[in-house]
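K.L.:
Sequence and predicted model, in that order:
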Amino acid sequence: MAAQISRFGPLWIVLTALVLSIAGTPRGNAAEDEIQDITGKYHFLTADDTLALLEEEGVLKGYIDVYQGEDESDAILSYNILQGSRKKDHVEFRTNEIHRKYYRFSGKVERGSGHEDSDADYLRLVGDLEIVTVRGDKGEQSVQRMHVLFKSFGKSEDEEN
């Protein structure tokens, strides 16, 4: 028996080392998992609303198109992003004010269920949205807060819009 163990000894050492090295290897490369750019279009509050972002060196620009009801004089209100930033996975932006209302978002970007950047839901913005309404001449603010998930458009959706 001792002769059999010593005969397989080097093989056990190699197999043990191999198993330990595989077990210690991370499942993904952190550089591959890091999201390089969040430029693109995202679904906003309703199916017809759009959030469009352009990221340039951590600064976010873009707009939010919000469709109005049939009773409104404007079919779409386009809120421009006045201030926006991204630091690693943290995203923040604030829009201009239209009809005494503007939007603020603070959250993070993460991978969605899409496998390629042309897939729908490849990226997600997850966080807190504030819809701020300015009331009266004194500038009093009413803030509606909600936790949101904005999914990126797929290539086919982007071509339709």
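P.N.:
Looks like it came in fine.
K.L.:
what ranges of the chain fall below the confidence cut-off?
P.N.:
1-33, 71-73, 158-161 (pLDDT under 70).
K.L.:
Let me see the ranges of the helices in the protein.
P.N.:
Under the criterion DSSP state H, the chain contains helices at 2-23, 30-33, 155-160.
K.L.:
in stretch 77-88, what counts as buried?
P.N.:
Using 16 or more other C-beta atoms under 10 Å as the burial criterion, the residues of stretch 77-88 that qualify are 77, 79, 81, 84, 86. (C-beta placed from N, C-alpha, C; glycine too.)
K.L.:
What is the most widely separated pair among these?
P.N.:
Leu77 and Arg86 (24.5 Å; C-beta to C-beta).
K.L.:
Which ones among the buried residues of stretch 77-88 lie within strands?
P.N.:
77, 79, 81, 84, 86 (DSSP state E).
K.L.:
for the last one, what are its contacts?
P.N.:
Contacts for Arg86 (C-beta atoms under 8 Å, 6 or more residues apart in numbering) come out as 38, 55, 58-60, 92, 109.
K.L.:
One more pass at 10 Å, please.
P.N.:
By C-beta atoms under 10 Å, 6 or more residues apart in numbering, the contact list for Arg86 reads 35, 37-38, 53, 55, 57-60, 92-93, 108-109.
K.L.:
what does the third one give?
P.N.:
The contact partners of Ile81, by C-beta under 10 Å, 6+ apart, come to 51-54, 59-64, 93-96, 103, 105.
K.L.:
Most neighbours among those, which one is it?
P.N.:
Leu51 (27 neighbours; other C-beta atoms under 10 Å).
K.L.:
ok, Gly69 - contacts?
P.N.:
Ala75.
K.L.:
how close does it sit to Glu97?
P.N.:
20 Å (C-beta to C-beta, to the nearest Å).
K.L.:
If we ignore the residues flanking it in sequence, what's nearest Phe93?
P.N.:
Sequence neighbours aside, Gly84 is the residue nearest to Phe93 in space, at 3.5 Å (criterion: C-beta to C-beta, 6 or more residues apart in numbering).
K.L.:
ugh, wrong one, I meant Lys101
P.N.:
Lys101 sits nearest to Thr133 (C-beta to C-beta, 6+ apart), 5.1 Å away.
K.L.:
All the strands of the protein, residue numbers only.
P.N.:
40-43, 50-56, 59-67, 76-87, 90-95, 101-111, 123-135, 140-151.
K.L.:
And those strands: which comes nearest Glu157?
P.N.:
Per C-beta to C-beta, nearest to Glu157 of the strands of the chain: strand 40-43, 7.8 Å.
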